[in-house]
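**Q** Starting from these lines, generate the structure:
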Amino acid sequence: MKTKIYFASDQHFGAPNSELSFPREQKFVAWLDEVKEDATAIFLLGDLFDFWFEYKTVVPKGFVRVLGKLAEIRDSGIPIYFFVGNHDLWMHDYFEKELNIPVYHDNKEFTFNNKTFLIGHGDGKGPGDKGYKRMKKVFTNHFSKWLFRWLHPDIGVKLAQYLSVKNKLISGNEDVKFLGEENEWLVLYAKRKLETKHYDYLIFGHRHLPMIIDVGENSKYANLGDWIGYFTYGVFDGENFELKKFE
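**A** Numbering: from 1, shown residues only. Model (predicted):
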């Protein structure tokens, strides 16, 4: 019986290169094979790819097993929801047209079994991180995307992959360490959102650190971790949300 909703983020497939990424892709496909048995829905919260750009007629090559498995699961009738991250923010309509997977560019609210969720990738939210917020405005500008599209894909993709790995400002992530509740931007963001509306769960990625923190009365902030070092994911069974590690 299908009873669970699954959440995962920050796979960064393609980093640091296709050869080293491949075992992680295989592991993620194995996870998808496992959860599809009892999943009522699957949420992917961004940075599935370390870089993604959709030209009018071209997308980055590779990731065939991951994309094929997502297509298989979606074709079986299980809903999949995708939220762009800061590494795949140039996603347009490829997932929607080819895989029938809706793509969201900002947070979205959901209700499951009378539990309310606020879900998103999490980049650029909360106080601070001003350098990345300025950079994101440049990257999401229509003129910037138009200029980049004029680069030949062999040049544009290679350049973007290099910058994605090397430049922490572009990646939006500092050294991954817990900063304390009073300094975690997404924790502060979650608490601020709760000032105007109640959510049972506020679920994000981006920080690469698996954590669940009480942020209000009957409200929890969760970060899903990543599929680089933690291989963690979230699961909601209809009553409770928890983080698990895929071995």
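
**Q** wait, what's in contact with the most centrally placed residue in the chain?
**A** Centroid check for the chain by Cα atoms, centre = their mean gives Gly46 as the closest residue, at 1.8 Å. Contact analysis of Gly46 by Cβ atoms under 8 Å, 6 or more residues apart in numbering lists 9-10, 82-88, 120-123, 205-206. Every C-beta, even on glycine, is put in place using the N, C-alpha and C of the backbone.

**Q** Give me the residues contacting the host helix or strand of Gly234.
**A** For Gly234, the enclosing helix or strand under DSSP states H and E is strand 232-236. Identification of contacts with strand 232-236 by Cβ under 8 Å, 6+ apart yields 4-8, 31, 35, 112, 115, 201, 203, 210, 222, 224-226, 241-246.

**Q** Show the backbone phi and psi for the residue nearest to the centre of the chain.
**A** phi 100, psi 160 (degrees, to the nearest 10).

**Q** what's the nearest residue to it if we skip its chain neighbours?
**A** Spatial nearest neighbour of Gly46, excluding adjacent residues (Cβ to Cβ, 6 or more residues apart in numbering): Gly85 at 2.6 Å.

**Q** wait, is Gly62 part of a strand?
**A** No: Gly62 is assigned coil when assessed by DSSP: H, G, I helix; E, B strand; the rest coil, not a strand.

**Q** and the gap between it and Phe51?
**A** Separation of Gly62 from Phe51 (Cβ to Cβ, to the nearest Å) stands at 11 Å.

**Q** any common contacting residues for the two?
**A** Here Gly62 and Phe51 share the contacting residues Gly14, scored by Cβ under 8 Å, 6+ apart.

**Q** what about those two, which has more around it?
**A** Counted by other Cβ atoms under 10 Å, Gly62 and Phe51 do not tie: Phe51 has more neighbours, with 24 against 15.

**Q** separation between that one and Trp185?
**A** Separation of Phe51 from Trp185 (Cβ to Cβ): 24 Å.

**Q** part of a helix, is Lys191?
**A** Yes: assessed by three-state DSSP, Lys191 belongs to a helix.

**Q** so how far is Gly85 from it?
**A** Taking Cβ to Cβ, one finds Lys191 at 22 Å from Gly85.
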